[in-house]
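>>> Below are the sequence and a predicted model; questions follow.
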Amino acid sequence: MLKTTYHKKCSFIRKKQTLIFIALFLNVILFIYFAFIQSALPTDDKNGLKYPEKISKKFDIGEITIIIREFEDFENSLEDDIKHYHQIFGLKIDILIVVDKTPYPPLKLNLTENVKLMSLAFDLNIPSGSENIIAYIRTNTVLFVSDGCRIASLSNFKLMLQKFTFQNRVRAYAIQTGSAKLSCPGIQIDMKRWTVKIEDFTGIEGLCDFIDGDQAILMKTDDLKKLASPFTRPVQKSLYFQFALKKWKSLVYDKQVFLPRQGLQDSMSQYEHKHLEKSRLETTYKKFGMHEIIYNRNKHNYIGCTRDTERCFGSVVNDVPDYIYLNKWTPPCCLKAIRETALHVFQTLEKNSVRYWLEGGSLLGAARNGDIIPWDYDVDIGIYQNDIPKCKEILKAKDQQYVDDGGFLWEKGIEGEFFRVHYSDINRNHIDIFPFYSKKG
């Protein structure tokens with residue numbers, strides 16, 4: 001009886017010890033969990049911006065280089081940006097600040113072996129250009145960020161890098177850095193026709209050719225080396241233009257990694273930034289040979305020559321424009337100028353009861369497509385010679401150049417007995433008028 005009671009007490013004590021051990025074990029697990037959660041909670045810096053504590057020592061800072069390309073000389077927070085990334089990743093993280101030329105007034109930055117200000121401007125004394133900047137990159141991946149970006153979640157940041165490492169179909173991640181969600185419009189680039197078509201369209205399976213919105217871009221260094229112009233501003237759009245040409249796909253990363261970015265605070269700075277962004281985008285279009293931007297099939301924006309600038313190609317030798325040798329067709333801005341000139345001449349001749357018709361390739365293009373042949377550089381029309389006295393513009397052009405009320409320049413052709421009408425005195429896109437006379441028999 002005593003023996004049985006003793007065994008029961010021992011069994012009860014062992015069960016109690018087991019329960020105590022399990023309770024202690026669960027407490028330890030909960031302590032570790034809440035400690036991890038606490039480490040991911042944001043804290044405030046002196047400027048009121050929230051960001052997490054320093055990243056875990058297990059994070060390999062050799063995995064990524066931070067590239068800051070988008071900022072303005074007249075207002076920026078680059079000093080705080082660098083402090084933020086140092087607090088997150090430690091002092092050994094590589095940070096490249098890429099500029100077109102040495103900023104003025106000078107930036108007050110603490111440049112080190114790992115924090116570099118690198119210029120794209122030509123300098124006889126030092127190597128420069130994108131090749132030199134890329135040669136400095138020592139990591140497998142790069143992250144393009146704009147001025148004022150702040151990391152919100154360390155766990156999401158590390159998870160993002162881990163996922164991107166194993167991506168095969170995706171060449172870049174787009175990570176939201178603004179308050180508005182990123183969009184994935186469709187884009188088609190036709191270099192032969194000098195055109196870019198952008199449409200409201202979502203890519204298949206979440207894969208995008210072009211991603212619009214305030215964002216950071218994560219990509220592999222090896223892919224960065226394959227781009228012709230990796231640091232052209234605005235860098236987000238210029239990167240996607242080059243991705244699209246190479247048929248590379250990008251993905252919008254749907255986890256929150258960054259806090260909504262604070263923009264420029266001064267109203268004058270905001271106005272100047274908006275003006276500069278428009279100018280940079282137009283410069284990029286021209287640099288990349290994109291002269292017509294089509295939005296949703298109906299809104300056309302022409303980038304290239306205008307009435308106040310020279311046309312996009314020089315003098316034509318042996319009836320073959322230079323762009324033909326580049327495997328391209330007539331720039332769309334030039335076609336637009338030729339169409340407008342032709343329409344103006346047609347209206348002028350009709351107003352004066354001058355009979356006219358299309359000649360040669362112009363007639364062929366109209367018959368086949370109802371338009372100018374895509375690679376042609378002028379329009380040829382014929383008129384009856386005895387109708388010339390009816391048109392004051394042609395009569396005036398017989399003696400000297402004449403600019404009409406529409407700004408079109410009329411002149412007598414120096415190569416023969418014909419007349420030429422230019423888009424303007426500066427822009428020499430033109431049409432040719434050939435007089436014919438009827439012969440009996």
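Noted; the coordinates are in hand.
>>> Break the chain into its domains for me.
Listed domain ranges for the chain are 50-253, 267-302, 322-436 (source: automatic domain parsing).
>>> Of all those, which one comes closest to residue 310?
domain 322-436 (6.1 Å; Cβ to Cβ). C-betas here are computed from N, CA, C, even on glycine.
>>> ok, for residue 101, nearest residue in space, not its chain neighbours?
Sequence neighbours aside, residue 121 is the residue nearest to residue 101 in space, at 4.2 Å (criterion: Cβ to Cβ, 6 or more residues apart in numbering).
>>> Now do the contacts for that neighbour.
Residues near residue 121 by Cβ atoms under 8 Å, 6 or more residues apart in numbering: 99, 100, 101, 102, 128.
>>> change it to 10 Å
Taking Cβ atoms under 10 Å, 6 or more residues apart in numbering as the contact definition, residue 121 lies against 99, 100, 101, 102, 128, 129.
>>> And for residue 279?
residue 233.
>>> do the same with the one 4 residues further on
For residue 283, the residues meeting the contact criterion (Cβ under 10 Å, 6+ apart) are 232, 233, 234, 303.
>>> If you count neighbours, what's buried in the strand or helix carrying it?
Using DSSP states H and E, residue 283 sits within helix 267-287. For helix 267-287, burial by neighbour count (16 or more other Cβ atoms under 10 Å) applies to 273, 280, 281, 284, 285.
>>> Can you pull the phi and psi angles for residue 215?
phi -150, psi 160 (degrees, to the nearest 10).
>>> And the pLDDT at the residue nearest to it when sequence neighbours are not counted?
Excluding the flanking residues, the one nearest residue 215 by Cβ to Cβ, 6+ apart is residue 174, at 4.7 Å. We note a pLDDT of 98 for residue 174 in this prediction.
>>> before we move on, what about residue 21?
60.
>>> now do the one 5 residues further on
In this prediction, residue 26 carries a pLDDT score of 63.
>>> Could you pull out the helices in the protein for me?
2-40, 78-89, 130-136, 154-165, 221-224, 235-245, 267-287, 322-325, 332-351, 360-369, 392-399 (DSSP state H).
>>> Tabulate the domains of the chain in JSON lines, adding columns for distance to residue 312.
Below are those laid out as JSON lines (distance: least, Cβ to Cβ, whole Å):
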{"stretch": "domain 50-253", "distance to residue 312": "9"}
{"stretch": "domain 267-302", "distance to residue 312": "7"}
{"stretch": "domain 322-436", "distance to residue 312": "4"}
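>>> Any idea which of these has the lowest pLDDT on average?
Checking each of those, the one with the poorest mean pLDDT is domain 50-253, at a mean of 90.
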